[in-house]
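Undergrad: just to be clear, the model below is a prediction. Sequence and coordinates:
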Amino acid sequence: TNMKYMFDRASAFNQPVSFDTSSVTSMQGMFYITSSFNQPLSFNSSKVTNMESMFTLATAFNQPLSFDVSGVTNVESCPNKLCMFNMFGVTNSLSAANKRLIGCAWASSTAFNTAGYSSWANSCPA
């Protein structure tokens with residue numbers, strides 16, 4: 001199942017999203033340029049292999065995320081192999097607490113840290 005660019009450029013969209021995502025393999029660009037979107041998400045992402053640019057330019061988004069990113073593999077064809085971690089590009093409204101939650105979840109990822117997000121993992125529990 002593919003949710004690639006599902007809400008692409010829906011700049012006024014800010015509705016609750018509730019889908020069965022247990023079979024989804026691509027969430028690439030799902031909330032790309034959804035500049036008003038700021039709703040909680042509870043997705044089963046265990047089969048997702050592509051999250052490239054998922055929240056790029058979703059400038060209002062500031063919700064906790066708890067995604068299973070263990071199956072994400074679509075970083076090989078991207079420059080510097082960092083596309084997955086470009087998913088938060090220009091999401092300035094993420095709170096420090098949410099950045100910390102994301103950073104701690106992915107702190108062991110070399111690509112995440114190389115992409116410039118290592119400071120998000122400050123004060124992670126051991």
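TA: Looks like it arrived, so ask away.

Undergrad: low-confidence ranges in the protein?
TA: For the chain, residues meeting the criterion pLDDT under 70 lie at 74-92, 109-115, 126.

Undergrad: again, only using 80
TA: Counting by pLDDT under 80, the low-confidence segments of the chain come to 64-66, 69-70, 72-94, 98, 102-126.

Undergrad: return the distance of the lengthiest helix in it from the chain's centre.
TA: Of all the segments of type helix in the chain, defined by DSSP state H, the longest one is helix 96-105. Taking the mean of its C-alpha atoms, helix 96-105 sits 12 Å from the chain's own mean (C-alpha atoms, centre = their mean, to the nearest Å).

Undergrad: try stretch 7-20
TA: Centre to centre, stretch against its chain (C-alpha atoms, centre = their mean), the figure for stretch 7-20 is 14 Å.

Undergrad: which residues are in contact with that stretch?
TA: The contact list for stretch 7-20 (C-beta atoms under 8 Å, 6 or more residues apart in numbering) reads 3, 29-44, 60. For the C-beta atoms, the positions are set from N, CA and C on the backbone; glycine is no exception.

Undergrad: R9: how many residues sit nearby?
TA: 12 (other C-beta atoms under 10 Å).

Undergrad: tell me the secondary structure at it.
TA: coil (DSSP: H, G, I helix; E, B strand; the rest coil).

Undergrad: how much space between it and G71?
TA: 27 Å (C-beta to C-beta, to the nearest Å).

Undergrad: equivalent analysis for S22, please.
TA: 12 Å.

Undergrad: need the overlap of contacts for the two.
TA: In contact with both S22 and G71: 46-47, using C-beta under 8 Å, 6+ apart.
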